[in-house]
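A.B. asks: Just need the structure, nothing else, for what follows:
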Amino acid sequence: MGNFIPLKVTFWLDRPMSVPLDPIHLDALLAYARVEEAKVEAQAGGQSMTNWDIQHDLPVQFDERAQAFMASQLVFAPKSGIMTASIIRKTSIDAWAHDKGVVYKANMNSVNPGSGRYKSYFVLNQTQWVEKATSWCVGDPERIRELLDHIKFIGKLGRNGAGAVCKIEIEPDPTAVQKSCWRALAKIDHLPPAIGRHYSKCVGRTISPYWSSEKHEIYVPTSLFCDAFETEKTSEAA
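C.D. replies: Numbers count the residues shown, from 1 in each chain. Take a look at the predicted model:
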């Protein structure tokens, strides 16, 4: 195992990001990066990456009680309100044919822009200027930095430049042990009461892939991150 210490990880963004509908967990980003790394390693050996369990090979401590990695969800620092931006994709048959060197004859080599992979569309997407996204974990800083080199954007539509990451900072933070619990957990009875009361029961997952349909009963934060810890600080002072 690596040298696990409490850490704060900060992603600095220089483009508006697509507003996420669900929380983004640091361990999910690390899992994605670990898979990408494994793909490169497999391709270098002339093979395909088939071991998807590699996504759980992370340089972060695993909490057996909560059945989750000690890596919080990202906490965003917005610089603007939520904006609506339009996204248009119009399939150009001529451009497609030119790129593919296709010559159309009768009904052969046809492309349907009304459905399938070449479908044209117009959608409205919610975006927001976000200065940074912060998370806390207990892990190996050097290995985490290696994996996060694969993370170029946060959120959806990164291929369009949304949520582009311009800098990642990793620094020791003694409060990270406590703050790393600000995420989906299987159990919360080990948390301080002032923190535990900010969770609600629902159905979901505590490890990647978070999108999987195999879900179970979990607890998720239901209030602002800072509110929960300020509440606990006040109760401790009293």
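
A.B. asks: quick one, domains of this protein?
C.D. replies: 5-81+129-237, 84-123 (automatic domain parsing).

A.B. asks: Any chance of TSV for those domains, columns mean pLDDT?
C.D. replies: TSV is the format used below for the domains of the chain (pLDDT from 0 to 100):
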stretch	mean pLDDT
domain 5-81+129-237	87
domain 84-123	66
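
A.B. asks: just the helices in this protein please.
C.D. replies: Secondary structure of the chain by DSSP state H: the helices cover 26-44, 93-100, 141-148, 176-179, 193-196, 225-237.

A.B. asks: Start and end of stretch 149-160, how far apart?
C.D. replies: Distance between the boundary residues of stretch 149-160 (Cα to Cα, to the nearest Å) amounts to 19 Å.

A.B. asks: How about stretch 156-173?
C.D. replies: End-to-end for stretch 156-173, by Cα to Cα: 29 Å.

A.B. asks: List the buried residues in it.
C.D. replies: Leu157, Gly158, Ala162, Gly163, Ala164, Val165, Ile170, Asp173 (16 or more other Cβ atoms under 10 Å). Bear in mind the C-beta positions are built from the backbone N, C-alpha and C, glycine included.

A.B. asks: With stretch 46-58 instead?
C.D. replies: The neighbour-count check on stretch 46-58 (16+ other Cβ under 10 Å) flags Ile54, Gln55, Leu58 as buried.

A.B. asks: what about the closest residue to the second one other than its chain neighbours, neighbour count?
C.D. replies: Think Gln55. Leaving out its chain neighbours, the residue that sits closest to Gln55 by Cβ to Cβ, 6 or more residues apart in numbering is Ala31, at 3.9 Å. Ala31 has 25 neighbouring residues, counting by other Cβ atoms under 10 Å.

A.B. asks: which residues does Ala31 contact?
C.D. replies: Taking Cβ atoms under 8 Å, 6 or more residues apart in numbering, we find Ala31 in contact with Gln55, His56, Leu58, Ser208, Pro209.

A.B. asks: Now do Gln178 against Ala44, distance only.
C.D. replies: 40 Å (Cβ to Cβ, to the nearest Å).

A.B. asks: and the two? which has more neighbours close in?
C.D. replies: With neighbours defined as other Cβ under 10 Å, Gln178 and Ala44 compare such that Gln178 has more, 16 against 8.

A.B. asks: any idea how far the closest residue to Ser212 other than its chain neighbours is from His216?
C.D. replies: Nearest non-adjacent residue to Ser212, counting by Cβ to Cβ, 6+ apart: Arg205, 6.2 Å away. Per Cβ to Cβ, Arg205 is found 7 Å from His216.

A.B. asks: go on, Val40?
C.D. replies: Counting by Cβ to Cβ, the gap from Val40 to His216 is 33 Å.

A.B. asks: cool, Asp27 as well?
C.D. replies: Asp27 is 17 Å from His216, by Cβ to Cβ.

A.B. asks: Settle it for me: which of these two has more neighbours?
C.D. replies: When neighbours are counted by other Cβ under 10 Å, Asp27 and His216 differ, and Asp27 comes out ahead with 28 against 10.

A.B. asks: right, and that one touches Ala71 too?
C.D. replies: Yes - Asp27 is in contact with Ala71 according to Cβ atoms under 8 Å; the separation is 4.1 Å.

A.B. asks: which residues do the two both contact?
C.D. replies: By Cβ under 8 Å, 6+ apart, the residues touching both Asp27 and Ala71 are Leu58, Val60, Cys137.
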